[in-house]
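Trainee: sequence first, then the predicted structure, then my questions.
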Amino acid sequence: MENLIALLIAAPLLGAAVLLCGGRRLDRTGHWIGTLLAGASFVVGVVLFTDMLGRGAEDRTLHQRLFSWIPVEGFQADVAFQLDQLSMTFVLLITGVGTLIHIYSIGYMEHDERRRRFFGYLNLFLAAMLLLVIADNYLLLYVGWEGVGLASYLLIGFWQHKPSAATAAKKAFLVNRVGDMGLSIAIMLMFTTFGTFAFGPVLGSTGETSEGKLTAIGLMLLLAACGKSAQVPLQSWLGDAMEGPTPVSALIHAATMVTAGVYLIVRSGAIFDGAPDAQLAVVVVGAVTLLFGAIVGCAKDDIKKALAGSTMSQIGYMILAAGLGPVGYVFAIMHLVTHGFFKAGLFLGAGSVMHGMNDEVDMRKYGGLRKYMPVTFVTFGLGYLAIIGFPGLSGFFSKDKIIEAAFAKGGTEGWILGSVALLGAAITAFYMTRVMLLTFFGEERWRHAATPSPAEPDVEPAAETGGDHSEPHPHESPRSMTVPMIVLAFGSVFAGGFFSIGDRFLHWLEPVTGHDHGHAPVSATTVTAATMVVLVVGVAIAWAMYGRRPVPAVAPRGSLLTRAARRDLLQDDFNHVVLVRGGEHLTRSLVYVDHTLVDGVVNGTAASMGGLSGRLRTLQNGYARSYAVSMFGGAVVLIAATLLMRAV
Amino acid sequence: MSATAVHSLWTTAGGVTSAAPGDRFTAPTIEYAQLAPVLIVVGVAVLGVLVEAFVPRRARYTTQVFLTVVALAAAFAAVVGLAADGYATKNAHIAAMGAVAVDGPALFLQGTVLLVSMVAVFTFAERRLDPASHGNRVDSFAAQAGSVPGSDSEKAAVRAGFTTTEVFPLVLFSVAGMLVFPAANDLLTLFVALEVFSLPLYLLCAIARRKRLMSQESAVKYFLLGSFSSAFLLFGIALLYGYAGTVSYAGIADVVDGTVQQIDPALADTMGNDALLLIGGAMILMGLLFKVGAVPFHMWTPDVYQGAPTPVTGFMAAATKVAAFGALLRLLYVVLPGLTWDLRPVMYGVAVVTMLGGAVVAITQTDIKRLLAYSSIAHAGFILAGVIAASPDGVSSVLFYLGVYSFVTVGAFAVVTLVRDAGGEATHLSKWAGLGRRSPLTAAVFAVFLLSFAGIPLTSGFSGKFAVFKAAADGGAAGLVVVGVISSAIAAFFYIRVIVLMFFSEPRADGPTVAVPSPLTMTTIAVGVAVTLVLGLAPQYFLDLAGQAGVFVR
Amino acid sequence: MNPVNYLYLAALLFTIGASGVLIRRNAIVVFMCIELMLNACNLAFVAFSRMHGNLDGQIIAFFTMVVAAAEVVVGLAIIVSLFRSRHSASVDDASLMKL
Amino acid sequence: MSFPLLTATAVLPAVGAIATAAVPAARRAAAKWLALALSLATLVLAGIVFARFEPGGDRYQLTESHAWIKDFGVRYELGVDGIGVALLALTALLIPFVILAGWHDADPAPGARLDSSGGGPEKTSPYHWRPTQGFFALILMVEAMVILSFVATDVFLFYILFEAMLIPMYFLIGGFGDRAHAGSDENAAAQRSYAAVKFLLYNLAGGLIMLAAVIGLYVVAGSFSLSEIAAARADGSLDMGTGTERWLFLGFFFAFAVKAPLWPLHTWLPNAMGEATTPVAVLITAVVDKVGTFAMLRFCLQLFPEASKWATPVILVLALISIVYGALLAVGQRDIKRLIAYASISHFGFIVLGIFAMTSQGQSGATLYMVNHGISTAALMLVAGFLITRRGSRLIADYGGVQKVAPVLAGTFLVGGLATLSLPGLAPFVSEFLVLVGTFSAYPAAGVIATVGIVLAALYVLVLYQRTMTGPVRQEVGGMPDLRVRELAVALPLIALLIFLGVFPKPLTEVVNPAVQHTMHDVQKKDPQPEVEAAK
């Protein structure tokens, strides 16, 4: 069985290699190859899963060691895999959702002449992501970590002819690099502390080192997580990442890659358990992002960016949960999975809408689409209900657990976190309802939206294929796109219930992550009730604002907060002013310094030599007598010096 | 001073003069065999004069060239023979009544001088470079040195196809002087040898075929300054004589060491008077430093090098340096070792200013011959560093360096003679632009010489520089080594400049052409290149040679 | 009279000659000054020879004269040719080559 | 006396150089093929050396030793250790690609007037200006000298080559400029010779200062042989005083720091790489400069361990400055080649950092870094060269949307770039991470600062890629053809190598490790032990 693990990666990797090197002759069949190999990987995953279920809870961890990667004195890095329940969960999520999205893309990218390459990139992403989750040491994880970063770079910038896309891709990679810096420093710290960075030894011996070390490692890991999972302060790239094709947003920037941070923290639970300060930092980041994302999500008119904000906020929940320690690990992962289903579903829905609307992304130009694209409407609606935590659907279970856990943290912290989580739930309900209403209900604003949308600071001209502004004819998407949406809708409806009934998921993961119930100051039922209340409130407000009144096709100026939220709460402006401008000035001045100062010294010496030479050669004035003078003087000096030498 | 005292002086002096009949006069014994090199050269030189007088003009050129080459070859053979007989090492001794030393350094330097003169003479004899005027090929010397430039008599002489074949005997005389100079074992011989090799050079400088005004000017400057310096030398000799009562190196050395046999009480006041010694020594030193062209006695070098006919410049630059440094070494190692600690700081200073001065001023030169002149000054500085080392190692390193340097120099100047335009040699640097494009081989050869001057590894220049610096460092003159490397870095700049000019800049439309020389000049250049590369890659044999020759006889 | 004084005289002559070389323009005069220096040397030789009571110095003096004569031959030849081509014997006029 | 394999490896290209130079003017193609063939033959020999080298064996293997210049105490001593063999292989490997990439760079430009053989008496002379032959001959000559300097175990021999290789490089830089120069020809020629002279004088100055130190070393140690000096040091018979050792160390280090180049002695590199043709630029940064860092590792640390340790703090600071400063300047460049040059400065900072961190990981990393950086820069630079020759401009601003018209070119360029920012999975990552870990374990602060370099690297690489390759297609690049076969033959093997060494660096590490252990022993340093001996 162990030997199958490598196959998980091999299949999509092969796909990537074939598709990217294959050349034009694969254009016709490329997408099928890609999908097939993704599917194959999924099948392998399922096989391994069934096998794993067949074992006892304790020996469910599989290992496979391929070869010694970097053997250097005192430094051992192997290419080796470790597949336990946690990894398994991810494997299934990644390959499953991944395969679905491959299928979806077949239809979505139909008219793109570079579809083959698109599938190549998708496969590359799958391979990297799988490597990330089944690596058995941090260095190998790092490889996958940057690998997914590369894939996301390539996919965000897939439509490279659009400067905005290229810029967004670059930004994503750079911000991630900042996070990666954290990860690599963390690995170095592990090396100096434990002499290794394999999961087993490191996590096994956290007890033997100081809390300070662990805190340092933990914070560095958190930095990495922030980069990858778009948490404050490194969240700025996710919004722009929506420049990528929608399937990419669904797979990478909603379901899988962005959750890698959560995986990292949960995987390194042992370290965080030993470092309360680091944990605190984690929960704070989670809580802040939770609100941040939600607020941003409220203000965006671009449907994908609204969803992106929501993603941020939901991952905030997960990080928060992960920061709570054993209390929350399981729920973090659980929410991660359910979120994977419904957020992917929502994105695919959004994609389907755009597909039918000439790639228009501005929700103010939607409206009343429910009768034109019923399937999309239904699946999107289910996803919507799931995410706001409508009782019985996935989100209800997973998010509810997190809120409980937040309270269970105990003390004032507990109260603060819990109420933040609740508030987040309310806002979630609000902005998702807003999206729903703007898109599928109300009057059909697109009918008279033939005019190009007025330039707004936050809305990129996101016509992905240079969308023409003639009046769109909304229509349902082809089968290849609807089927994945339906499947995901199922997931978003039932997954939560399936996991929670009898704490299946808890028991499944417990051996890896451990679990304790904490001591909730308030009973679970009260929390649920509170959640329900805030949920209703949120929906109601949204209805009041967008359901009852007609929506202006052009966004009103809005309150200060709204405007700030449209601009990602000015975070980007900050980056721009401080980092970009500052950086430009720095580099310019350095170029100047290099040219004038450093190089100037060199050229200066040369020049001064020349000057000296020029002055000296005037002594050679061509008059024999002055030559004689110099000789005579020389002789005098010579004699004087000799005598002097004897004198002293 | 009382009359009696004076009288007593007379009588004592008379006592010397009216000695017993038995030892009134002892006939000097001259070891002709051991002086053979010099005698051959001088003899043939005299013969050459006779040739000028009696051989018809038509045949003179051939005769003279033949005689000269034969003479030099024979002399060299004689030197080799002497060395083979072990005169360089075990039975090195003083010949000719203490006038001439026959020892390692002497023979080595004589050999070098002879070989260098040989190749130099080839360039003297070169007749293919100037376009033939009136149907007869001409060399680089005036048709008739006496005739005024541009006058009818000159034109007539040119038309008649006269050539100054006197140059060959002159060269031979000069060579003879150079052979004796490093071997001279008493100050008088030193002085005479100096004059013997200087006077012909003064003349040779004056008789260029083209640019005669500059040629004459250079001759005047060289002559005046040269005799000025030799006057200093002579006065120095006088003072040393006054100090030691003798002019023989050994005798002076004894007095300096204080191991003198008998002190004549009457002379106690002058005998061993250090003021005389120091001043005299310094003045002699100055005379020699003038010849090697060390700062501040260097100022004649650029002008003379530039004005003199290029073959003469090459000969002068190479052979004079060899001879002069030989004499300098002998003086310092044989006569004044007792003064090492007094002279060393002075020499140290001279070496420093020479290295730096030469290198720095050369940077801004625009005439290739002047450039090489300054480079030769800088090199004099390097060699001085070896001289200062004051160790057998130092001596041999200097000998080696001299051998290396002289051949490269002759070769370089030979190349300069090839690059010509309407006005004769095109020595202005701007005209050398793009030479590498027009005739890559010539440019490449010249580049090799320049790199050797610059002391780039795998060329002889590097071996020499390394040997000298190593000796200096061993001799505890680390500071000199540092200054040396700094000034070689500076010097590198202008050598590189020339290379840049030749290879990296577009040729000028009115640029010079490269004349295709006769085998004579080709030989000169080929020898230069061969020596440069061989001594760069495998210098061991010659280092051994110089090493064995590193001991002076007293 | 103490022969040492002759030395002083010689030194004086030498210095006069040297300064003459430094200040006079006419090549011939410069050359004569050099000859003066040589003769100063001769005087010194003879004086020393007298003091030491050996004859080397006097012999050397003869050599010096011969050399000086040779120098005259060469020197005058050069100076004359220069004069003929420039119609001036000033050493300062002969300054084509400089820097 | 077995077959002198090392000598053969070094001599073959030298012979090739002479042979190539001798090819008559008309037969340009022949010269190219000859040069290529000989460089490949050299590669074969290098491969044999690599195969013959036993990692477990003596420190120096395949040794040769002959008397050379007795008076200078110089012997012709050769021998390779793991570090030497790795770099030897790198050099032999890169040269064929350099030659292939420069296939047309030395052809007489259509515009240029080739009056060399025209008009005047030169016509009669048999010697014509033969730029093409010269170009390839010089490249081979450089290869010969570099190889020999990697295997020289005699300080003097090394020094000679260290200096001598400047001359052919100088002619390569000054004689064969980049046609794609913004500005007039005169302007170009002027800048080019400025760059060449700067290169030469800078390095010559460094070399001469080293010469002083070399002489000093001989005066102190009385020998030039690494082994003898090491032995003398071991049995205590040689004890150069602290002061002397430091001075000598500085003398050596200065020269190597110029060559490497280390801030603030780096300014010659951008000029040289900017003005030279791309293959020559690769030759400079990927091959010749490696001699500098290699020499730090072999000579500075082996001959002057104490002084090296004494100087470590300063050198580390300089290295860090180079890393950050080079990267920042790379960001600020407008010229593709200068950008890559500054990137290289940053990378050399990493190498020096790894060397002087004096940990096993650091030094192994540094050695791997030399190799990997050679390959990655070659890949990036050569592809950039193909791009530049197509458009005829080096300015980033003149490009845009290339990826649309020449996807393969863009792809290879991207891979080269990703290697330069040391993406995991590609070779440079391995070495860079080793350097970082090695540095971090000895000097945590330095390690952290150096890590900033990886962010900046991402910045300049991606900015370069975005500005040139993405965005709307500029009409100047509209008709740009994609990579041709020759160019693919250059790019693809390099990329394959990058990936292979990124996934499976073991062949290199196992060769390098023992050598590094020897060096560690020379400097008497032990790796810092991990705080927790992790429970195995």
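Mentor: It's in. Numbering: from 1, shown residues only, chains lettered A, B, ... in the order given.
Trainee: give me the neighbour count for residue 51.
Mentor: This is for chain A. Residues near residue A:51, counting by other CB atoms under 10 Å in any protein chain shown, number 14. Glycine gets a C-beta too; all of them are placed from N, C-alpha and C.
Trainee: um, chain C though
Mentor: For residue C:51, the tally of surrounding residues (other CB under 10 Å) stands at 24.
Trainee: list the helices and strands the longest strand seen in chain A packs on?
Mentor: Using DSSP state E to define each element, chain A has its longest strand at strand A:62-72. Applying 3 or more CB pairs under 8 Å, 6 or more residues apart in numbering or on different chains; DSSP states H and E, one finds that strand A:62-72 contacts helix A:4-22, strand A:75-83, helix A:138-156, helix D:360-391, helix D:427-442, helix D:506-522.
Trainee: dump those into TSV; add mean neighbour count, mean pLDDT and distance to residue D:409 as well.
Mentor: TSV is the format used below for the helices and strands packed on strand A:62-72 (neighbours: other CB atoms under 10 Å in any protein chain shown; pLDDT from 0 to 100; distance: least, CB to CB, whole Å):
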stretch	mean neighbour count	mean pLDDT	distance to residue D:409
helix A:4-22	20	90	15
strand A:75-83	22	89	32
helix A:138-156	26	93	16
helix D:360-391	27	92	6
helix D:427-442	28	93	21
helix D:506-522	20	89	29
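Trainee: just give the closest residue to residue 429, not the sequence neighbours.
Mentor: Defaulting to chain A. residue A:538 (2.9 Å; CB to CB, 6 or more residues apart in numbering or on different chains).
Trainee: you answered for a different chain; I wanted chain B.
Mentor: Distances taken as CB to CB, 6+ apart place residue B:366 nearest to residue B:429, at 5.2 Å, with adjacent residues excluded.
Trainee: flag the shaky bits of the chain, pLDDT-wise.
Mentor: Picking chain A for this. Applying pLDDT under 70 to chain A picks out residues A:448-470.
Trainee: correction: the question concerned chain D.
Mentor: By pLDDT under 70, the weakly predicted segments of chain D are D:1, D:109-129, D:178-185, D:533-536.
Trainee: so what's the residue in chain C positioned nearest to chain A scoring on pLDDT?
Mentor: Closest to chain A within chain C is residue C:98: 2.9 Å, counting by CB to the nearest CB. We have a pLDDT of 81 for residue C:98.
Trainee: now do it against residue A:615, distance only.
Mentor: With distances taken as CB to CB, to the nearest Å, residue C:98 is found 14 Å from residue A:615.
Trainee: so these two - more neighbours on which side?
Mentor: Shown here are residue C:98 and residue A:615; by other CB under 10 Å, residue C:98 has more neighbours (15 against 12).
Trainee: and after the strand or helix carrying residue A:264, which helix or strand comes next?
Mentor: With secondary structure defined by DSSP states H and E, residue A:264 is part of helix A:260-267. Scanning forward in sequence from helix A:260-267 by DSSP H and E, the next helix or strand is helix A:269-273.
Trainee: enumerate the positions of the helix or strand following that following helix that are buried.
Mentor: Where DSSP H and E defines the elements, the next helix or strand beyond helix A:269-273 is helix A:276-299. Neighbour counts using 16 or more other CB atoms under 10 Å in any protein chain shown place A:278-279, A:281-299 of helix A:276-299 among the buried residues.
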